[in-house]
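Colleague: Quick one, structure for this:
(chains A and B)
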Amino acid sequence: MRRILAIARKEFIHIMRDKRMLGVILIMPLLQLFLYAYALSFDIKHLPTAALDLDHTEQSRQYISALQQSNYFTVNRVLNNYGQVDGIFESNQDQVVVVVGSGFGRDTTAGRAGAVQVLVDGSDANSAQLGQTYSGALSRVYGAKIAIAQYEAKGASVSNVGALTGNTRVWYNPEGKSASYFVPGLIVVLVTMVTVLQTANTLVKEKEMGTYEQLIVSPIKRIELMVGKIAPWALIGAVEILVISLIGIIIFGIPFRGSALLLAVASLLYVTCTLALGLIISARATSVEAANQLGSLVSFLPTFMLSGYIFPLSSLPWVLQFLSYLYPARYFMVVTRTVFLKGGGLSVLWPQLAALAGFAVLMTTFAAFLYRERA
Amino acid sequence: MTVVSQDTELAIDARGLSKEFRSVLAVDDISLEIPRGRVFGLIGPDGAGKSTLIRMLCTVLEPTSGDAFVFGNSVVSNPHEVKPRIGYMSQAFSLYGDLTVAENLNFFAELRGVPKSEMAARSARLLEFSGLTEFAERQAQFLSGGMKQKLALAATLISEPDLLFLDEPTTGVDPVSRREFWRIISDLHRHGITVFVATPYMDEADRCDEIAFMTQGRIILRDTPAGMRRRVPGRVIEVAVDRYREAMTLVRTLPFIRSVEVSGELLRMLIDQDACEEDCEAALRSTLEGAGFSVGNIHPAATDLEMAFATLIPAAGELLDTSDDEILAVAE
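Modeller: You can find the predicted model right below:
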């Protein structure tokens, strides 16, 4: 125990005295957090929009002004006929055209869903998709309002109101806010990068400095050395998860609906996996440079590509989908998103937790095997 | 399986120790018995296998074959009994540069399980001992070469080992620091610590109780420094002569000169009395003066080790000059 503490304390001194390292573990994650959450935001506001009102009723005008007030759309012009739509798109004046069909006023007054058509310029695929989502959501809200007014006027209970249309609904993140989606994922990515890379470095560095021989000659057991080496990084990983979560919740206003304890347990299991991975690299790498490259290779790429962070896993080729099951980031990603956005508990997350636990055991065993005492 | 050597009066008992690196035999079947309390010097050219031998003896490297017993414990099957009793100072500076002097000492004290109650006192004593007290708060990377080596020695000594392995501890260290370093070693010796030191310096070898000459993975000669000198046939004289470098070339061609070297401003040579017809000194003087050198005093001198090895090991002089690449020994 004393030897483990001695190693851990020494590691902390290394970290505190290495300005570059401090930068990597403190500044880089925050920088990335703000970069992803702000600069690379996939949110869209003030989408240039044209409206085509074929109904010319009070209701249709209300609907168009509701679009305008939503902040998601800026209604630049009101068109008179379909013929003008092509011109709008071709000249890149507006990206969305909302067509309010004739009979909209009649239908909504009668308590039926009003027909609205949303034409989207598909050349900017991302904006197009979001434009669709927003206008869909907006139509529903608007439709619901009308319906509610209608039913209340008839004295019916509001809770009896059913969905007006068979539209898709985006749950948990109805506004499609990027931060809500990215911050839980970013936790996974940043923690992976910091823990894998630094642990991969740690023993190789000692070998290069010649201090490793001193450790071998001392009575320390390999397992004590391993634990002492990774304990500080486990702590730093935990702090990082905490800080990113708090920033996400406080500054970006993302929800936290699940159990903090569950997230803590999953984090612990996941960090154990990444630290073991780092140790495995450290055991095999011959130089700090090699450790860095190998560390980047196994931490950056898979966490970006194979965890569902950027690309939905279901859209990957089957080979990559298969590979993603072999990488613990996938499971941890599900846990963070579920805990933050859905509030799902152990009853739904147990397969992920079990997988993480399995990986943790498997990888530490392998790392321990690589560092086993020589006979 | 624990193999315990019978004779625990021996600090080191190596039996047929060999190490092979990618089919290069770095250490070739070395058997070596070193009693407790000795200062044992290992000399030999670069690439002779000195470091490899030391690293096997202090459990860093596993021998390819053979075994060694340190205080009766096998380095192969029982390294955990060996480690607490030894200290190892490797050739390269092997402390943490970003830790201060005091932090380095504390770390190794904790690592080697020095009792908490003794830590402060031992640290203070070693800092005093190595003259590093005023640098205790300095980061090790900012120490001078000599101070670094003294710190490394202090860190090795913090656990009060019974056996100390030093691998070229004063390479790259200024002469004053070297003397101080050896003063510390002598102190340790007086306290009964066994010291095993590899050194390229003959004056350091001279301070050992016993020395062994190693080349090409084998120990080919082992004796006390005095014994080594006694083995040298002939006697040594020192000659004051101007333009001594040119003179040396001429002297070398004389049949009764076994070897010659520069010592300060003098030429020191080993002469073979039997090869002179009468007075070797007179013959030497007349030859030099005949060639236009002005010759001063000629007087007898003590045999030094360098000369001893140059004579005793025909190829040693040449070997000492070549700097073959040290066999790259990768830890494990």
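Colleague: Could you use CA atoms for every contact and neighbour count after this?
Modeller: Fine.
Colleague: Got the confidence number for residue 15?
Modeller: Chain wasn't specified; assuming chain A. You'll see A:Ile15 listed with a pLDDT of 84.
Colleague: looking at chain B here, not the other one
Modeller: B:Arg15 carries a pLDDT score of 91 in this model.
Colleague: Now do it: how many residues are near it, please.
Modeller: By other C-alpha atoms under 10 Å in any protein chain shown, the residues close to B:Arg15 number 16.
Colleague: pretty sure it is touching B:Ile34, no?
Modeller: No. Counting by C-alpha atoms under 8 Å, B:Ile34 is not a contact partner of B:Arg15; they are 11.8 Å apart.
Colleague: can you pull the pLDDT of A:Gly48?
Modeller: To be clear, residue A:48 is Pro; Gly isn't right here. In this model, A:Pro48 is scored at 79, pLDDT.
Colleague: where does the spatially closest residue to it that is not a sequence neighbour land in three-state SS?
Modeller: Taking C-alpha to C-alpha, 6 or more residues apart in numbering or on different chains, and ignoring the residues beside it in sequence, A:Pro48 has A:Asp94 as its nearest neighbour in space, at 4.7 Å. Assigned by DSSP: H, G, I helix; E, B strand; the rest coil, the conformation of A:Asp94 is coil.
Colleague: Go ahead and confirm A:Asp94 touches A:His46.
Modeller: No. In this structure, A:Asp94 is not within contact of A:His46 by C-alpha under 8 Å, at 10.7 Å.
Colleague: Tell me which of the two has more neighbours.
Modeller: Per other C-alpha under 10 Å, whichever of A:Asp94 and A:His46 has more neighbours is A:Asp94, with 21 against 12.
Colleague: Pop out the phi and psi values for that one.
Modeller: A:Asp94 adopts backbone torsions of phi -130, psi 160, taken as degrees, to the nearest 10.
Colleague: Would you mind measuring from it to A:Val100?
Modeller: 17 Å (C-alpha to C-alpha, to the nearest Å).
Colleague: For B:Lys148, pull up the helix or strand it's in.
Modeller: For B:Lys148, the element it lies in under DSSP states H and E is helix B:145-157.
Colleague: number of nearby residues for B:Ala136?
Modeller: 19.
Colleague: Surely it touches B:Thr100?
Modeller: Yes. Using C-alpha under 8 Å, B:Ala136 is in contact with B:Thr100, at 6.6 Å.
Colleague: And for the residue in the stretch 1-150 of chain B that chain A sits nearest to, the neighbour number?
Modeller: Closest residue of the stretch 1-150 of chain B to chain A, C-alpha to the nearest C-alpha: B:Ser94 (4.6 Å). Each residue near B:Ser94 was counted by other C-alpha under 10 Å, and the total is 22.
Colleague: and it, that's in a strand?
Modeller: No. Applying three-state DSSP, one finds B:Ser94 to be coil, outside a strand.
Colleague: residues contacting it?
Modeller: Contact partners of B:Ser94, counting by C-alpha atoms under 8 Å, 6 or more residues apart in numbering or on different chains, are A:Met209, A:Gly210, A:Thr211, A:Glu213, A:Gln214, B:Ala152.
Colleague: now A:Ala276
Modeller: A:Ala276 makes contacts with A:Ala360, A:Met363, A:Thr364, A:Ala367, as judged by C-alpha under 8 Å, 6+ apart.
Colleague: you'd agree the second one is up against A:Cys273?
Modeller: Just to be clear, that refers to A:Met363. Yes. If you go by C-alpha under 8 Å, A:Met363 and A:Cys273 touch, sitting 6.1 Å apart.
Colleague: So for those two, which residue has more residues nearby?
Modeller: For A:Met363 versus A:Cys273, neighbours defined as other C-alpha under 10 Å are more numerous around A:Cys273 (27 against 20).
Colleague: Just the pLDDT for the closest residue to A:Leu5 other than its chain neighbours.
Modeller: Of all residues not flanking A:Leu5 in the chain, A:Gly228 sits nearest, at 6.3 Å (C-alpha to C-alpha, 6+ apart). You'll see A:Gly228 listed with a pLDDT of 88.
Colleague: Could you look up the SS state of A:Gly228?
Modeller: helix.
Colleague: so what's B:Ile219 bridging to?
Modeller: B:Ile219 has these beta-bridge partners by DSSP bridges: B:Met214.
Colleague: pLDDT score for it?
Modeller: 88.
Colleague: what about it, neighbour count?
Modeller: Residues near B:Ile219, counting by other C-alpha under 10 Å, number 22.
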